[in-house]
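Student: Okay, sequence plus prediction incoming.
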Amino acid sequence: MTQMDIRKLTRAEPFKPFRVFLTNGESFDINYPDMILATANSVVISAPPEDNPGLGSVSFQMRSWEHLLKTEFL
């Protein structure tokens, strides 16, 4: 995965939600383009906390590119 791969997904018209898979087994659903930010050295993902997904709070996960395995459309 590259920075351009993520940017293509987030800039697509219309946007299609997708899931990001990481090397440690984690996965994150990206339902809106603003939920993921592709920087030169890492990816920043916003996600609801696992223990309270419905309360509107958000946690931010920063991962280096080497930990992104793949994406798939939801």
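Tutor: Structure's in. What do you need?

Student: For the rest of this, base every contact and every neighbour count on C-alpha atoms.
Tutor: Will do.

Student: packing partners for the lowest-mean-pLDDT helix or strand in the chain?
Tutor: Ranked by mean pLDDT, DSSP states H and E, the weakest helix or strand in the chain is strand 59-64, scoring a mean of 87. For strand 59-64, the packing partners by 3 or more C-alpha pairs under 8 Å, 6 or more residues apart in numbering; DSSP states H and E come out as strand 42-47.

Student: Enumerate the positions of the strand it packs on that are buried.
Tutor: Across strand 42-47, burial judged by 16 or more other C-alpha atoms under 10 Å covers 42-43, 45-47.

Student: now swap in stretch 33-41 and tell me
Tutor: Neighbour-count burial for stretch 33-41 flags 33, 35-38 (criterion: 16+ other C-alpha under 10 Å).

Student: Ok, stretch 19-36 next?
Tutor: 20-22, 28-31, 33, 35-36.

Student: How far does that stretch stretch from one end to the other?
Tutor: The straight-line separation of the ends of stretch 19-36 (C-alpha to C-alpha, to the nearest Å) is 11 Å.

Student: Average pLDDT for the strand or helix carrying residue 8, rounded please.
Tutor: Using DSSP states H and E, the element containing residue 8 is helix 3-11. In this model, helix 3-11 carries a mean pLDDT of 93.
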